[in-house]
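K.L.:
pasting the sequence and the predicted model now:
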Amino acid sequence: MPELQSLDTIIEFTNSTIWQQDHLVLSDVNFKINKGEFVYLIGRVGSGKSSLIKTINAQIPLKNGEGVVAGYKLEKIKKREIPSLRRKLGIVFQDFQLLIDRPVNENLAFVLKATGWKNKKEIDFRIDEVLTKVGLEHKGYKLPHQLSGGEQQRVVIGRALLNDPDIILADEPTGNLDPETSEDIIRLLLEISKTGRAVIVATHNYPLIRKFQSRTMKCEDGKLIELRGITEEDIEL
């Protein structure tokens with residue numbers, strides 16, 4: 001069962017270590033993220049960004065320390081509880097991971113049905129709601145390949161919002177997009193954070209971080225550190 005957290009804290013790690021199989025990635029991890037916060041997660045390739053995100057969504061088990069996500073204690077979570085935790089999380093992938101053989105509406109309906117939705121009217125209404133939120137209210141009939149890269153990423157963000165999650169985890173969401181489209185995606189994620197959801201964006205896109213400044217954490221030398229002001233060196237690959 002979910003554990004109690006403070007009213008505002010939605011993610012909290014205390015004295016935790018992050019592992020990727022048998023490889024220690026991050027040690028002495030301590031941080032809190034509150035509802036409505038927008039947080040950048042930066043660091044070189046292989047520094048632990050993706051491993052931390054996978055630990056937050058219980059894809060990688062938390063072996064040491066304490067981690068509480070949306071009320072669930074990661075070090076004690078049972079396998080049967082993981083689907084309930086993941087319904088509180090929305091994941092945004094760099095490579096979209098859309099089903100290419102079906103239109104946008106059916107991509108979203110597939111997710112809703114897989115998470116227990118059965119009423120067609122409710123499914124259709126929810127799909128219309130999220131497509132409107134991401135500015136694609138008239139694109140539901142299109143196949144993914146008929147959309148631009150930015151539009152496909154908006155579909156992915158809409159998919160992440162379907163079950164009204166408390167947290168959005170975005171792993172390099174602008175990695176395949178041009179600079180102007182990348183700015184649009186960050187603006188959209190910032191707007192989503194203002195609705196009370198915590199948004200974590202793993203990225204190494206310095207121009208975006210500089211333009212849309214927000215709280216920033218960095219994976220470096222096996223540690224997770226909070227940055228006070230960002231330089232080009234902070235996000236070098």
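P.N.:
Everything's here; your move. Since we're looking at a predicted model, the values are computed, not measured.

K.L.:
tell me the pLDDT at residue 6?
P.N.:
Residue 6 carries a pLDDT value of 53.

K.L.:
same deal with the one 10 residues further on?
P.N.:
Residue 16 is assigned a pLDDT of 97 by the prediction.

K.L.:
then residue 229?
P.N.:
68.

K.L.:
for the one 5 residues further on, same thing?
P.N.:
Here, the pLDDT recorded for residue 234 equals 61.

K.L.:
now swap in residue 179 and tell me
P.N.:
pLDDT, residue 179: 90.

K.L.:
ok, and the closest non-adjacent residue to it?
P.N.:
residue 207 (6.8 Å; CB to CB, 6 or more residues apart in numbering). Bear in mind the C-beta positions are built from the backbone N, C-alpha and C, glycine included.

K.L.:
how far away is the one you found from residue 183?
P.N.:
9 Å (CB to CB, to the nearest Å).

K.L.:
neighbour-wise, which of those two wins?
P.N.:
Here residue 207 and residue 183 are compared on neighbour count by other CB atoms under 10 Å; more neighbours surround residue 183, at 18 against 11.

K.L.:
check for me that the more buried one belongs to a strand.
P.N.:
No: counting by DSSP: H, G, I helix; E, B strand; the rest coil, residue 183 falls outside a strand, being helix.

K.L.:
ok, now which ones touch residue 166?
P.N.:
10, 35, 70, 88, 89, 197, 198 (CB atoms under 8 Å, 6 or more residues apart in numbering).

K.L.:
so which bits of the helix or strand containing the residue nearest to residue 179 are buried?
P.N.:
For residue 207, the element it lies in under DSSP states H and E is helix 206-211. Residues of helix 206-211 classed as buried: 206, 208, 209 (neighbour count, 16 or more other CB atoms under 10 Å).

K.L.:
hmm, the last one is touching residue 38, no?
P.N.:
No: between residue 209 and residue 38 there is no contact under CB atoms under 8 Å: 11.3 Å.

K.L.:
which of the contacts of residue 166 sits closest to residue 25?
P.N.:
The closest of these to residue 25 turns out to be residue 89 (CB to CB; 20.0 Å).

K.L.:
give the contact list for the residue nearest to residue 214 when sequence neighbours are not counted.
P.N.:
In this structure, residue 214 finds its nearest non-sequential neighbour in residue 38, 4.7 Å apart by CB to CB, 6+ apart. Taking CB under 8 Å, 6+ apart, we find residue 38 in contact with 189, 190, 193, 199, 201, 214, 215.

K.L.:
who's residue 38 bridged to?
P.N.:
residue 199 (DSSP bridges).

K.L.:
how many neighbouring residues does residue 43 have?
P.N.:
26.

K.L.:
arrange the contacts of residue 38 in CSV, one row each, with distance to residue 17 as further columns.
P.N.:
Output for those, formatted as CSV (distance: CB to CB, whole Å):
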residue, distance to residue 17
189, 29
190, 31
193, 28
199, 25
201, 23
214, 26
215, 23
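
K.L.:
show me the strands in this structure, by range?
P.N.:
Applying DSSP state E to the chain gives strands spanning 9-20, 23-34, 38-43, 64-69, 72-73, 89-92, 167-171, 198-202, 215-220, 223-226.

K.L.:
right, so these: which one is the most enclosed?
P.N.:
strand 198-202 (a mean of 26; mean count of other CB atoms under 10 Å).

K.L.:
tell me the contacts of the residue most central in space within the chain?
P.N.:
The C-alpha lying nearest the average C-alpha coordinate of the chain belongs to residue 169 (CA atoms, centre = their mean; 0.9 Å). Each residue near residue 169 by CB under 8 Å, 6+ apart is listed here: 53, 56, 57, 89, 90, 91, 92, 200, 202.

K.L.:
many thanks, we can stop here.
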